[in-house]
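dropping a prediction and its sequence here:
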Amino acid sequence: MKYIEFGLGNKWFIRTETELDDGTECEEKGIIGPIQFRSVYLRVWICKSVLILDLKQGFKISMKSRNAFKFIFGITSL
């Protein structure tokens, strides 16, 4: 799975995070292709609460163990 993200709070304003089959993740600066569109999402992380609005999965709230502030628009790709 590939996540192309635009926004504040990550290491780079535009980045691609690739999730490999063994569960590890690779983060790269910019947009890395090819892109096979699956969904779009908006993620807002305030302190330990993360609000996610995804086109296919709907609305979710999750809790994280660390404090952060992020405002991210993303594209999910295969």
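Good, I have the coordinates.

so in the protein, which strand runs the longest?
In the chain, taking DSSP state E as the definition, the longest strand is strand 58-77.

list the buried residues for that one?
By neighbour count on 16 or more other CB atoms under 10 Å, the buried set for strand 58-77 is 72, 74-77. Yep, even glycine has a C-beta here, placed from its N, CA and C like the rest.

given that strand, what are its sheet partners and their directions?
Paired strands of strand 58-77, with direction, are strand 2-8 (antiparallel), strand 37-54 (antiparallel) (DSSP bridges).

TSV for the ones you listed, including mean neighbour count, mean pLDDT and distance to Asp22?
TSV is the format used below for the strands paired with strand 58-77 (neighbours: other CB atoms under 10 Å; pLDDT from 0 to 100; distance: least, CB to CB, whole Å):
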stretch	mean neighbour count	mean pLDDT	distance to Asp22
strand 2-8	17	94	15
strand 37-54	14	95	20
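
any chance of those strands in a markdown table, with distance to Thr16 too?
Listed next are those as a markdown table, based on distance: least, CB to CB, whole Å:
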| stretch | distance to Thr16 |
| --- | --- |
| strand 2-8 | 5 |
| strand 37-54 | 14 |
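
what's the closest of the ones you listed to Leu20?
Among the strands paired with strand 58-77, strand 2-8 comes nearest to Leu20, with 10.3 Å by CB to CB.

list the helices and strands the helix or strand following the closest one packs on?
As assigned by DSSP states H and E, the chain's next helix or strand after strand 2-8 is strand 14-19. Strand 14-19 sits against strand 2-8, strand 25-29, with contacts defined as 3 or more CB pairs under 8 Å, 6 or more residues apart in numbering; DSSP states H and E.

how about those strands, which one is nearest Lys48?
Nearest to Lys48, of the helices and strands packed on strand 14-19 and by CB to CB, is strand 2-8 at 17.5 Å.

out of the helices and strands packed on strand 14-19, which is closest to Leu51?
Across those, Leu51 has its closest neighbour in strand 2-8 (13.4 Å, CB to CB).

quick check: the residue at the greatest distance from the centre of the chain vs Ile14, distance?
Distance to the chain centre peaks in the chain at Asp22, reaching 18.5 Å (criterion: CA atoms, centre = their mean). Distance from Asp22 to Ile14, counting by CB to CB, to the nearest Å: 26 Å.
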